[in-house]
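Let's see this in three dimensions:
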Amino acid sequence: MPHPVLLNNVEHHDLRILGGHGAHLGDNVMTAVTFPSEFRDVQACYPIVFRKTSDGLGFEPVALFGLEEGHNLFLNGTRWEAAYVPMMVERQPFLIGVNGEELMVNVDLDHPRVSRTEGELVFKPHGGHTEYLERVNALLFAIHQGMQQLPGFLAALLEHELLESFALDVELNDGSQNRLLGFYTINEDRLQALGGEAIARLHQAGYLQPIYLVLASLSNFRLLIDRKNASLA
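From the prediction side, this is the model:
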């Protein structure tokens, strides 16, 4: 279980973070949450789909790395074989904490990237921020800003009934039949049927481009299938 605590330079003066990639560092995951301002980078490498949130009351967009839970097809030993790694992966083991209007940095002390003996130092010897921590702060702020876009974007999709569930049936080279379930995508027929006024409102709100980036990303399912076949060879 995650063990997030408020980062501070007294208790965590010797905290180090392991870099690189690998299953032992928590990278063998099927998905990572993303947001509209990140879609352009994400869609260049991965399918963007939607899933229901853990409380079952809403939706969230995710970058899809594999066809089954706990399997990242872009992870090859200690290499992440894609040009872009989503921010929600890059920020590990740090999280955003919010106290009123103040943003704070939390760290998951139980994350496998956390060390006291090797990796990037988080604080300087006298307690100041290292360049590494400054980069983490910038990354977390970008994530926070991006997540602020999500409620309005998702509300617009639901208002126009643009989300639909889908099933992806895949026959792999070894003859096995596989089905991907539990995800949602943009209903292209409903999108095409929207009137000019609705399209204009989506465009004015900045939501039309992310919608088309989601649709463009679906071509990456072929890449996932190819990588899955390669892993079986």
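
What segments of the chain are strands?
With DSSP state E, the ranges of strands along the chain come out as 4-6, 16-17, 31-33, 48-52, 59-64, 75-76, 79-80, 94-99, 102-108, 114-115, 120-121, 163-171, 177-186.

Tell me which of these approaches Ala142 most closely.
For Ala142, the closest of the strands of the chain is strand 94-99, at 10.5 Å, according to Cβ to Cβ. No exception for glycine: its C-beta is placed from N, CA and C like everyone else's.

Report the mean confidence score over the closest one.
Per-residue pLDDT values over strand 94-99 give a mean of 89.

what's the answer for stretch 104-112, then?
Across stretch 104-112, pLDDT averages out at 95.

Apart from its neighbours in sequence, what residue is nearest Leu73?
Arg227 (4.1 Å; Cβ to Cβ, 6 or more residues apart in numbering).

I'd say the one you found and Asn72 touch.
No - taking contacts as Cβ atoms under 8 Å, Arg227 lies outside contact range of Asn72: 9.8 Å.

Against which helices or strands is the helix or strand bottoming out on mean pLDDT in the chain packed?
Across the helices and strands of the chain, mean pLDDT, DSSP states H and E gives its lowest value to strand 94-99, namely a mean of 89. Here strand 94-99 touches strand 4-6, strand 102-108, helix 131-147, going by 3 or more Cβ pairs under 8 Å, 6 or more residues apart in numbering; DSSP states H and E.

out of the ones you listed, nearest to Leu57?
Using Cβ to Cβ, the nearest of the helices and strands packed on strand 94-99 to Leu57 is helix 131-147, at 16.5 Å.

buried stuff in the closest one?
Neighbour counts over helix 131-147 (16 or more other Cβ atoms under 10 Å) mark 132-133, 136, 139-140, 142-143, 146-147 as buried.

Just the closest of those residues to Leu154, please.
Nearest member of the buried residues of helix 131-147 to Leu154, counting by Cβ to Cβ, is Met147, at 11.2 Å.
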